[in-house]
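In: here is a sequence together with a model predicted from it:
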Amino acid sequence: MTDVVLDGVNKVYPGDQHAVRDLGLRIRDGELFVLLGPSGCGKSTVLRMIAGLEEITSGDLWLGGTMANELPPRERNVAMVFQNGALYPHRSVRGNMMFPLEVSKDDPAGARGKVVELARALGLDSMLDRLPGTLSGGQRQRVAMGRALIREPSVFLMDEPLSSLDAGLRAELRVEIAALVRATGATTVYVTHDQVEAMTMADRIAVLRDGILEDVGTPEQIYHDPATVFVAAFLSSPPINLLRATAWAVQDQGVILELGPHQLRLPWDDPRATGLISHHGRPIIVGLRADALTTVTGPAHGPELTGQVRTLEFHGHEWLAYAEAGIALVDAHDVAPERAAVPAAAHQLGLGDRMRAMLGRPVNDPDPGPEHTGHHRRTDLIFRITTGDRPARGDQVRLSVDLDRLLVFSPDGRRVDPVRR
Ligand SMILES: Nc1ncnc2c1ncn2[C@@H]1O[C@H](COP(=O)(O)OP(=O)(O)OP(=O)(O)O)[C@@H](O)[C@H]1O
């Protein structure tokens, strides 16, 4: 049993760089656990602390029930693969994979057999005598994995192992890696900033932001039931619509969500409504993913928003549309308990805004003007067009809202109703 437990773990680098804050995680034996978050959120630091390559400033690390804070790396039975799993250039594939067994003085005949067996599982059996320099990037990463797995570690750590590969190869290898590590039974901690990689590979995902754990759960849990605005936005492609709203608790009706000129109603038997009573008259954030909005024609059968289509985008398997609905949108990066709203810096502005700034026009011009037609603004609602007639640019559309999929957050980004884990 090698579960990995982090209990109140902190890492402060010299210069008072607080990279990881009070992290509590229980990674179960044999689990494929993904640490996900944007660059600099502390993912690699967590991995390096588990490997023993980085000291823990405070808090406890337990490996298989043993307190491991002071355990030297070689006594942890942990193996790690890095972004560019550096191989020994003058050793063949076989030599690279054999190396850890030579160091631990395994029986040479048994070791050779083990290398052949693992090479077969990794699809490397036809290239055992080749040097790393003659292999593709994907093949080299497989060798690095083989070299890490050959000692049958109890804990397998991977730090963005696919990030230097092209998109097609990444998609192919992520399937293979997930299958392979599950077959080995090793507890695996996999670091990535790629939400698709995390969603497709993980048994469970932990989302980190600025060294703080935002959410942890299965891919389905954190997609459908995210704990914070940041998590909802990070795991959303196309981007989730985050709408500024005001909540009004109305006797006999429920809670009315006022979204600019629109209203949506959560009846009192909806658990979200009860959670919103204390927000009466106050601002909240409503989250609606693009596929929770569907274009409708004919008589209304449920709650709707309306808007004017500005842009249509073809994505091969689907069309996305952007519509101006008169609702103020929220940028997930500006929502954080400890952060005040930051004025938009030049690099945060949309393309149109940057162009206007270059041309000497005010960037926050409230009137978008006719030149905006044909390019969506960040204030536009995004929705998927699945079936039926595709609206044209400039059309007025009615969008049916799937209320079951509506997420409600307080202004500091936390969910109003409790998440289910
Ligand atoms: N040796 C160090 N000394 C000081 N600060 C460090 C050191 N290593 C990392 N940091 C800082 O700690 C924070 C977390 O870094 P870390 O590398 O763990 O993030 P990450 O999420 O893995 O980022 P990336 O995806 O870019 O690799 C960052 O702000 C980084 O600048």
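Out: That came through fine. Numbering: from 1, shown residues only.
In: my guess is Leu403 contacts Leu305. True?
Out: No - in this structure, Leu403 is not within contact of Leu305 by C-beta atoms under 8 Å, at 11.6 Å. Backbone N, C-alpha and C define where each C-beta goes, glycine included.
In: how close does Thr297 get to Thr306?
Out: Distance, Thr297 to Thr306, by C-beta to C-beta, to the nearest Å: 12 Å.
In: which single residue of the stretch 151-300 of the chain ends up nearest the ligand?
Out: Relative to the ligand, the nearest point of the stretch 151-300 of the chain is His193 (5.2 Å; C-beta to the nearest ligand atom).
In: count of neighbours near that residue?
Out: 17 (other C-beta atoms under 10 Å).
In: ok, it - contacts?
Out: His193 is in contact with Leu36, Gly37, Pro38, Ser39, Lys43, Glu160, Ser163, counting by C-beta atoms under 8 Å, 6 or more residues apart in numbering.
In: and these as TSV, adding secondary structure and pLDDT?
Out: TSV is the format used below for these (DSSP: H, G, I helix; E, B strand; the rest coil; pLDDT from 0 to 100):
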residue	secondary structure	pLDDT
Leu36	strand	98
Gly37	coil	96
Pro38	coil	95
Ser39	coil	93
Lys43	helix	97
Glu160	coil	93
Ser163	coil	87
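In: quick check on the residues you listed: which are buried?
Out: Buried members of the contacts of His193, counted by 16 or more other C-beta atoms under 10 Å: Leu36, Gly37, Lys43, Glu160.
In: so which of these are also by the ligand?
Out: Checking the buried ones among the contacts of His193 against the ligand by C-beta under 6 Å from any ligand atom, the ones in range are Gly37, Lys43.
In: common neighbours of Thr297 and Thr306, please.
Out: Joint contacts of Thr297 and Thr306 (C-beta under 8 Å, 6+ apart) are Arg398.
In: all strands for the stretch 251-400 of the chain, in order.
Out: For the stretch 251-400 of the chain, the strands defined by DSSP state E, counting those that start in this stretch cover 254-259, 262-266, 283-288, 293-296, 304-314, 319-324, 381-385, 396-401.
In: which one, of these, ends up nearest to Phe230?
Out: strand 283-288 (11.1 Å; C-beta to C-beta).
In: same question for the closest one, mean pLDDT?
Out: In this model, strand 283-288 has a mean pLDDT of 97.
In: tell me, what's touching Leu403 and Leu305 both at once?
Out: Joint contacts of Leu403 and Leu305 (C-beta under 8 Å, 6+ apart) are Leu264.
In: so what pLDDT did the residue of the stretch 151-300 of the chain closest to the ligand get?
Out: 94.
In: in the longest helix seen in the chain, what counts as buried?
Out: Secondary structure of the chain per DSSP state H: the longest helix is helix 167-184. Residues of helix 167-184 classed as buried by neighbour count (16+ other C-beta under 10 Å): Leu169, Arg170, Leu173, Arg174, Ile177, Ala178, Leu180, Val181.
In: please apply the same query to stretch 301-308.
Out: Pro303, Glu304, Leu305, Gly307, Gln308.
In: listing request: residues of the stretch 301-421 of the chain with sub-threshold pLDDT.
Out: Scanning the stretch 301-421 of the chain for pLDDT under 70 picks out 338-379, 387-388.
In: hmm, back to that, dihedrals phi and psi, the residue of the stretch 151-300 of the chain closest to the ligand?
Out: Main-chain dihedrals, His193, degrees, to the nearest 10: phi -110, psi 10.
In: distance of it from Gly37?
Out: Taking C-beta to C-beta, one finds His193 at 7 Å from Gly37.
In: which neighbours do these two have in common?
Out: Joint contacts of His193 and Gly37 (C-beta under 8 Å, 6+ apart) are Lys43.
In: contacts only, for the residue found closest to Gly217 once you drop the neighbours it is linked to in the chain.
Out: Leaving aside its sequence neighbours, Gly217 sits nearest to Arg421 (C-beta to C-beta, 6 or more residues apart in numbering; 5.5 Å). Arg421 makes contacts with Val216, Gly217, Gln221, as judged by C-beta under 8 Å, 6+ apart.
In: how about these in JSON lines, adding distance to the ligand?
Out: Output for the contacts of Arg421, formatted as JSON lines (distance: C-beta to the nearest ligand atom, whole Å):
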{"residue": "Val216", "distance to the ligand": "16"}
{"residue": "Gly217", "distance to the ligand": "19"}
{"residue": "Gln221", "distance to the ligand": "22"}
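In: pull the residues that contact stretch 177-192.
Out: 2-4, 27-36, 43-44, 46-47, 50, 121-122, 145, 149, 152-163, 198, 200-202.
In: I appreciate the help and will end here.
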